[in-house]
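>>> Provided below are the primary sequence and the corresponding predicted coordinates.
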Protein chains: 2
Amino acid sequence: MKSTVSDHPAKPDLNSKEGDSRERLIASTRELLWSRGYIGTSPSAIQARSGVGQGSMYHHFKGKPELALAAIERNVEELMHVAESRFASQGTAIERISAYLHAPRDAMRGCQAGRLVQDPDVIASPELRKPLTDLFEFVRVQLAHILSTGIESGEFDQNLDPIATADMIASVIQGGYVLARVSRDTAPFNRAIAATIDMLKKRAELGQLQRTATF
Amino acid sequence: MKSTVSDHPAKPDLNSKEGDSRERLIASTRELLWSRGYIGTSPSAIQARSGVGQGSMYHHFKGKPELALAAIERNVEELMHVAESRFASQGTAIERISAYLHAPRDAMRGCQAGRLVQDPDVIASPELRKPLTDLFEFVRVQLAHILSTGIESGEFDQNLDPIATADMIASVIQGGYVLARVSRDTAPFNRAIAATIDMLKKRAELGQLQRTATF
DNA sequence: GTCTATATCGTGATAGAC
DNA sequence: GTCTATCACGATATAGAC
């Protein structure tokens, strides 16, 4: 199990600085990408924030695109993990979706992934775009799957379109960030989430009414 | 009515180039802000795209912030006008909201206003942010008002929260752009809109059921 | 691995001629 | 109003010493 490259150093050894600069660079790049986007994030700013020098940075990464890729992949990794664990909650379809919608989010700051989707350079690069596409695809597919389960189990009415509704839910989160930022207030974000859950609950009521009325 | 400054030259006179450069600068800035954001839009790029020279640009505008302000105000003016006319449609609350949701939009390109909300420099500047805040406020208030009308008229069930639902609807549009861009496909945007309208229709059905069942 | 020096280019603006 | 010249600075690296 001993490897020349240190992926996840099981026991941090004496030369514990190993990989430290690299991690600090990724962390700083993630912060800057989040707030300023790809275009607005300069190598010099990354160096300043991370405390890593010029030469050191270019030793670990070929340049800005490679650094950005590492940062984006880390973002997606974490966000996917959060989504996965929320979707894995016990309970009804509504409860599982509600668990995802109520994952802790910094509404005023926006989505670490969604932010980058606006960036033309990111979207134009297949490499940078792929992790983002994968993340959103994953979330939408999971949501659609949970909704389908809820339709089959009779939790929702039969006319609910799981794919379209999944797209709606994913959109509400991303759009909620926009409303929160522009109004400098997290309330619109929270209300949009609450209204979405309320819509699903009413679909459940409707399913209930339809079942008792028809059969 | 004769004025030394030409706001809206009623009859374009012989020196018809008057104000032409200014308009071309604004148009180019709008295009660039839309695709590349504030940080990514440089005066030199604006000059190149508009065909207006350096000196001319700085004659008409003090600098990049002033140009951006003019461009953003123009964006907001147009978007508000579209929203206003869509909301003014005849029909039920659902029909009026549907008219707004189905206004022509370039889903892959995103929202000219929402795009800028991501930009930290725009959000940090009260001047640049104000038109955007006003626009989103207007849309949300109008949506909430139409929803309230629908509740009063009995079109929707009594439990619908007009403000939260307005926030949800505005969020769906903004978030739909994100899904469309990241998947390079307008379908998620269109489905999110369709699902939203479907949700409102089901609320109307529920209102109907409640009225016939209770009274 | 990290540092400093150097290089090229773009950005954002000013000055002054025409 | 528009043009060209000029400028200080930052972005994005490369080179080579330590």
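Sure thing, it's come through.
>>> I'd say residue A:64 and residue A:40 touch.
No. Look at residue A:64 against residue A:40 with Cβ atoms under 8 Å: they stay out of range, at 11.6 Å. Every C-beta, even on glycine, is put in place using the N, C-alpha and C of the backbone.
>>> For those two, indicate the residue with more neighbours.
Taking neighbours as other Cβ atoms under 10 Å in any protein chain shown, residue A:64 and residue A:40 compare with residue A:40 leading, 19 against 16.
>>> Any figure for the gap between the one residue sitting closest to the centre of chain A and DNA strand C?
With distances taken as Cα atoms, centre = their mean, chain A has residue A:79 as the residue nearest its mean C-alpha position (4.0 Å). To DNA strand C, residue A:79 is 28 Å away according to Cβ to the nearest atom of the strand, to the nearest Å.
>>> got it, and residue A:148?
48 Å.
>>> name the element that residue belongs to?
Using DSSP states H and E, residue A:148 maps to helix A:126-152.
>>> ok, and for that helix, which residues are buried?
Within helix A:126-152, the residues scored as buried using 16 or more other Cβ atoms under 10 Å in any protein chain shown are A:128-129, A:131-133, A:135-136, A:138-140, A:142-144, A:146-148, A:150-151.
>>> which residues does the nearest residue to residue A:54 once chain neighbours are set aside contact?
Spatial nearest neighbour of residue A:54, excluding adjacent residues (Cβ to Cβ, 6 or more residues apart in numbering or on different chains): residue A:47 at 6.1 Å. Counting by Cβ atoms under 8 Å, 6 or more residues apart in numbering or on different chains, residue A:47 touches A:53, A:54, A:57.
>>> any idea which helix or strand carries residue A:47?
Per DSSP H and E: helix A:43-50 holds residue A:47.
>>> and that helix, is it in reach of DNA strand C?
No. Helix A:43-50 lies apart from DNA strand C when judged by Cβ under 7 Å from any atom of the strand; the minimum separation is 8.4 Å.
>>> and chain A, which of its residues are near DNA strand D?
Going by Cβ under 7 Å from any atom of the strand, the residues of chain A near DNA strand D are A:41, A:42, A:43, A:44, A:45, A:54, A:55, A:58, A:62, A:63, A:64, A:65.
>>> SS state for residue A:81?
helix (DSSP: H, G, I helix; E, B strand; the rest coil).
>>> just to revisit the earlier point, right, is the helix holding residue A:148 up against chain B?
Yes. Legend: contact between helix A:126-152 and chain B by Cβ under 8 Å from any Cβ of the partner chain is shown at A:129, A:132, A:133, A:136, A:137, A:140.
>>> quick one: which of these is nearest residue A:29?
Relative to residue A:29, the closest of these is residue A:132; by Cβ to Cβ it sits at 15.2 Å.
>>> right, and the residue nearest to the centre of chain A touches residue A:135 too?
Yes. Between residue A:79 and residue A:135 there is a contact under Cβ under 8 Å: 5.9 Å.
>>> Please enumerate the shared neighbours of those two.
With Cβ under 8 Å, 6+ apart as the test, residue A:79 and residue A:135 both reach residue A:113.
>>> Going by distance to DNA strand C, which of the residues of helix A:126-152 next to chain B wins?
Taking Cβ to the nearest atom of the strand as the measure, DNA strand C lies nearest residue A:129 of those, at 22.2 Å.
>>> Now do the contacts for that closest one.
Taking Cβ under 8 Å, 6+ apart as the test, what residue A:129 contacts is A:122, A:123, B:182.
>>> again, only this time at 10 Å
A:72, A:116, A:117, A:119, A:121, A:122, A:123, B:181, B:182, B:183, B:184 (Cβ atoms under 10 Å, 6 or more residues apart in numbering or on different chains).
>>> Among these, which pair sits farthest apart?
Farthest pair in those, by Cβ to Cβ: A:121 and B:183, 17.9 Å.
>>> List the buried residues of the helix or strand of chain A with the lowest mean pLDDT.
Ranking every helix and strand in chain A by mean pLDDT, DSSP states H and E puts helix A:187-214 at the bottom, with a mean of 91. Buried residues in helix A:187-214, defined by neighbour count with 16+ other Cβ under 10 Å: A:188-200, A:202-207, A:209-210.
>>> again with stretch A:106-126
A:107, A:110-123.
>>> Ok, stretch A:155-173 next?
Result for stretch A:155-173 [16+ other Cβ under 10 Å]: buried residues A:155-157, A:160-173.
>>> Give me the subset of those lying in strands.
Judged by DSSP state E, strands contain none of the buried residues of stretch A:155-173.
>>> From the residues you listed, list the ones also adjacent to chain B.
A:156-157, A:160-173 (Cβ under 10 Å from any Cβ of the partner chain).
>>> nearest to DNA strand D, of those residues?
Scanning these for proximity to DNA strand D, where the rule is Cβ to the nearest atom of the strand, the winner is residue A:173, at 29.7 Å.
>>> Correct me if wrong: that closest one contacts residue B:178.
Yes. Between residue A:173 and residue B:178 there is a contact at 9.2 Å, judged by Cβ atoms under 10 Å.
>>> so what's in contact with those two at the same time?
Joint contacts of residue A:173 and residue B:178 (Cβ under 10 Å, 6+ apart) are A:111, A:114.
>>> show me what contacts the residue in chain A that DNA strand C sits nearest to?
Distance from DNA strand C to each residue of chain A (Cβ to the nearest atom of the strand) is smallest for residue A:55, at 1.5 Å. Residue A:55 makes contact with residue A:47, according to Cβ under 10 Å, 6+ apart.
>>> now residue A:110
Going by Cβ under 10 Å, 6+ apart, the list of residues near residue A:110 reads A:34, A:35, A:118, A:174, A:176, A:177, A:178, A:180, A:181, B:117, B:118.
>>> Now do it against residue A:174, distance only.
9 Å (Cβ to Cβ, to the nearest Å).
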